[in-house]
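Trainee: what follows is a predicted protein model with its sequence.
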Amino acid sequence: MKYLLFFCFALLFSSCQGDQSPTRTDQNLSQSLVERSWLISVFEVEGVNRTGDFEGVNFNFLPSGQVEVFRGSQLLNEGTWSTTVEEGRVVLEFYFSEKSNYEGFNRKWYQTLLGFGRITFRVDDGLLEDRLILQSTY
């Protein structure tokens, strides 16, 4: 009986050692972005809340890597987007032309939450934390 108990304990301990956390990928983020239209729920840069500047604005992420920005049916701007994984962190990166209202999005946004029609990102640049929260329009 002692040997059986020892064997079960050894088997349980050895199987736990091989468990590792799953590798994070950007596939879920990319898929979520393309499947829906998104509005900005929170946009804070350098401690300034700029969410109101983008009220009524929707972002449509296309599988081609293009992002379109609309207010209603009016196209306001176009840019590009991509996702990657850096050091185990999922990253969303935008590129809008310089001197546009959307230039402030041009950075690496690190995903912190994905689910329930909401995606939360942050950027740690020195003392202040920039935040971006996208909310699904449906």
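Mentor: Sure thing, it's come through.
Trainee: neighbours of residue 88, how many?
Mentor: By other Cβ atoms under 10 Å, 8 other residues sit near residue 88. Backbone N, C-alpha and C define where each C-beta goes, glycine included.
Trainee: measure it to residue 130 for me?
Mentor: As judged by Cβ to Cβ, to the nearest Å, residue 88 and residue 130 stand 20 Å apart.
Trainee: list the contacts for residue 53?
Mentor: Taking Cβ atoms under 8 Å, 6 or more residues apart in numbering, we find residue 53 in contact with 43, 101.
Trainee: helices or strands up against the longest strand along the chain?
Mentor: Ranked by residue count and defined by DSSP state E, the top strand of the chain is strand 74-86. Other elements packing on strand 74-86 under the criterion 3 or more Cβ pairs under 8 Å, 6 or more residues apart in numbering; DSSP states H and E are helix 27-35, strand 66-71, strand 89-96.
Trainee: need the helix or strand of the chain with the lowest average pLDDT.
Mentor: Within the chain, no helix or strand scores below helix 2-17, which has a mean of 42 by mean pLDDT, DSSP states H and E.
Trainee: can you tell me the centre-most residue of the chain?
Mentor: What sits nearest the mean C-alpha location of the chain, by Cα atoms, centre = their mean, is residue 111, with 3.6 Å.
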